[in-house]
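>>> Based on what follows, work out the 3D shape:
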Amino acid sequence: MCSVLLTIYSLFVVAIATGVVVNFYTQMVEMQRKETLAMFMDQLERLPELSREELENISRKVRRFR
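Prediction:
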């Protein structure tokens, strides 16, 4: 009986630990995506002010994204 309870408890602990790690990783990726998108939108809003190098950099990023 004790062995069964210990096994069930360990399964819950492993499941919870895995869930926490996956949730943390997902949140980090989402934050990075939002930050990158905000920077890109800022550059698009300032297109007339950007230098030739900055415009070429944006063009390369768009090509890589596709």
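
>>> residue boundaries of the strands in this protein?
Here the chain has no strands by DSSP state E.

>>> Could you check how far the residue nearest the centre of it is from Asn57?
The residue lying closest to the centre of the chain (C-alpha atoms, centre = their mean) is Val29, at 1.1 Å. Between Val29 and Asn57 the distance is 23 Å, computed by C-beta to C-beta, to the nearest Å. All C-beta atoms are positioned from the backbone trio N, CA, C, and that covers glycine.

>>> try Leu6
Taken as C-beta to C-beta, the span from Leu6 to Asn57 is 57 Å.

>>> swap in Thr36?
Distance from Thr36 to Asn57, counting by C-beta to C-beta: 13 Å.

>>> ok, now Met41?
15 Å.

>>> ok, those two, which is more surrounded?
Asn57 (13 against 10; other C-beta atoms under 10 Å).

>>> Need phi/psi at Leu50.
Per-residue torsions, Leu50: phi -80, psi 150 (degrees, to the nearest 10).

>>> That one against Glu56, yeah?
No: applying C-beta atoms under 8 Å, one finds Leu50 not in contact with Glu56, separated by 9.7 Å.

>>> Pick out whichever of the two has more residues nearby.
For Leu50 and Glu56, the more surrounded residue by other C-beta under 10 Å is Leu50, and the numbers stand at 14 against 11.

>>> Now do the contacts for that one.
Applying C-beta atoms under 8 Å, 6 or more residues apart in numbering, we find Leu50 in contact with Gln43, Ile58.

>>> hmm, try it at 7 Å
When contacts are counted by C-beta atoms under 7 Å, 6 or more residues apart in numbering, Leu50 touches Gln43.
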